[in-house]
Each structure stands twice: as C-alpha cells, then as structure tokens.
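[1] here is a sequence together with a model predicted from it:
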Amino acid sequence: MKCPACKEVNLVMADRQGIEIDYCPECRGIWLDRGELDKIIERSASQQQIPSRGREADHVRAQDRGKAEYYPKKKKSLLSELFDF
C-alpha cells in the first residue's frame, strides 16, 4: 500500500505488541487498521489505573540511600513502547 501523504512511497508493516502498524519510512506517518486504535486506548487505560508512588517517596528513598542527586524515572506511556519516539 502507498503512503497517502507521500503518494509514491510504500508503507512498511510492523508488529508491535500484537498491533499491526503501517508506517511510512519517508514522512514517518502512521496508519492503523480498524480496531487497532481501540486496542491501544484499552492498553493505555489499563496502565493508567495502576497507582503510582508520589515523587516525595522516591526523593526520600534516594536520600536514604545516600545519593546527592536523584531524578525519578519518567513514566513511559504505551505509545512510547509502540512507537520509536
């Protein structure tokens, strides 16, 4: 299938966590088949329901370990696991 934006470039299909993603290597546009966006939304919603600790707890724990500086890890979204950005 040709890229709708570039017109002449063939889309490349990749499988990421059971979701087929068609993307254009030229413009980096992403196209999903019917139902694939719903799968992404469902997975993202289930990840957000997991309670997380506050930043204060991470900071205190770092001080207990004797680190002078501590930056908590940035939470990754489901989209960052699916796409390389």
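    Perfect, thanks for sending it. Numbers count the residues shown, from 1 in each chain.

[2] okay, strands next: where are they in this structure?
    12-16, 19-23, 30-32 (DSSP state E).

[3] export those strands to TSV and tack on distance to residue 43, mean neighbour count and mean pLDDT?
    Heads up, the C-betas are built off the backbone N, CA and C, glycines and all. Converted to TSV, the strands of the chain look like this (distance: least, C-beta to C-beta, whole Å; neighbours: other C-beta atoms under 10 Å; pLDDT from 0 to 100):
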stretch	distance to residue 43	mean neighbour count	mean pLDDT
strand 12-16	11	12	89
strand 19-23	9	17	90
strand 30-32	13	14	89
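
[4] residue 42: which of those is closest?
    Of all the strands of the chain, strand 19-23 sits nearest to residue 42, with 10.7 Å by C-beta to C-beta.

[5] so where is this structure shaky, pLDDT-wise?
    The model of the chain has pLDDT under 70 over residues 47-85.

[6] understood, closing this out.
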